[in-house]
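Novice: This is the structure alone, sequence omitted:
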């Protein structure tokens, strides 16, 4: 087994969600650990004065169509939620709180939270929804409710976001393996070839 | 045979070039005419205050890597030319001049001109190179040299660019079939599924 696949995504990113549905199998198939690293694209957008693709006046309509079409192409149930996009900071903090308790359950929470948002329109910016999904994965909801506004956890998320920005990341999903970056669900095929053939 | 595939690209766009290498076979395989419609992304960038991806301070380095890696993945010889990107207006005007003479040879010129640029670093912004490639396809080089600065031809290109912008186009390659838009070499698989299954 070689080094891990870093999987960067924003909970509120539809392409990130599609990536989350696929990357687990890729890791298993090629015997690579997948490290799920949610971060906050909103901070990147703010720093660089950019915005989500769906809000782009020129490309937004196409992007909304492309997201739905791509999900259909991949056979993944999907509908664009309302509201969308939303602030994913609570889900992100909850994930990093879970990470110290149980890595695998933290990943399952992340995937199910995104399924809730992108399949069943359950607003993941709403803390009570985040707690409900945490409880469904066996985490202590009252404890999470206490921890989520603690400074140490806010700082943990800030550090993760800063680390991602220092690596020059700007999108969701981004996969990094052997220091090679792949941006987008549509680069998973190239990522897989990389895992099979190494550098090419 | 159903309606054609509109293939929009900029001569100076590497992903557009990769699309040009692939789309001909797709059209043949699914019995659809492919209408090659070069336009000028520079005009789009200027209107919307945007810029080529490779010049984006945040995404530019990744984009340069992705272009080369994607070409390798597709098995298409490629290197990033220098200078790059360049102004493609002469190549674009030459193409629309040829279109009234011989549609198939105009397409061949377009493909070979891009191969010259993206494989052999032959600057396609240089009019003498454009004329040389036109002559190689059997066009009258002296005639092209006279025509290329005529008002009627400049207007023809302006009209094509305006038409593309009125259709809301913003990238290269963009394929449109049955009023459905596919943006990017990485959407050709979805385009092909569309051609096989119709709406899905």
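Specialist: In hand now; what should we look at? Predicted model, so just to flag it, every value in this text is computed and none were measured.
Novice: Now for residue A:118, which secondary structure element holds it?
Specialist: Element membership for residue A:118, per DSSP states H and E: helix A:103-120.
Novice: Which SSE is immediately downstream of that helix?
Specialist: Sequence order places helix A:127-136 as the next helix or strand after helix A:103-120, per DSSP H and E.
Novice: for the helix or strand that that following helix is followed by, what is the average pLDDT?
Specialist: Downstream of helix A:127-136, the next assigned helix or strand under DSSP H and E is helix A:141-147. Taken as a whole, helix A:141-147 has an average pLDDT of 98.
Novice: helices or strands next to helix A:141-147 in the packing?
Specialist: Helix A:141-147 is packed against helix A:89-99, helix A:127-136, with contacts defined by 3 or more C-beta pairs under 8 Å, 6 or more residues apart in numbering or on different chains; DSSP states H and E. Every C-beta, even on glycine, is put in place using the N, C-alpha and C of the backbone.
Novice: Which one of these lies nearest to chain B?
Specialist: Chain B sits nearest to helix A:89-99 of all the helices and strands packed on helix A:141-147, at 20.8 Å, using C-beta to the nearest C-beta.
Novice: List the contacts of the nearest residue to residue A:74 once chain neighbours are set aside.
Specialist: Spatial nearest neighbour of residue A:74, excluding adjacent residues (C-beta to C-beta, 6 or more residues apart in numbering or on different chains): residue A:18 at 6.1 Å. Applying C-beta atoms under 8 Å, 6 or more residues apart in numbering or on different chains, we find residue A:18 in contact with A:70-71, A:74, A:76, A:78, A:173, A:185.
Novice: Could I have the buried ones of those residues as ChimeraX selection syntax?
Specialist: Per 16 or more other C-beta atoms under 10 Å in any protein chain shown, the buried members of those correspond to this ChimeraX selection:
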select /A:70,71,76,78,173,185
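Novice: Would you check which pair of the contacts of residue A:18 lies furthest apart?
Specialist: Among the contacts of residue A:18, the pair separated by the greatest distance (C-beta to C-beta) is A:78 and A:173, at 14.7 Å.
Novice: In the helix holding residue A:118, which residues are buried?
Specialist: Buried residues in helix A:103-120, defined by neighbour count with 16+ other C-beta under 10 Å: A:106-119.
Novice: Next: stretch A:83-100.
Specialist: A:84-86, A:88-99.
Novice: next one: stretch A:22-30
Specialist: Those would be A:22-23, A:26-27, A:30, for stretch A:22-30 by 16+ other C-beta under 10 Å.
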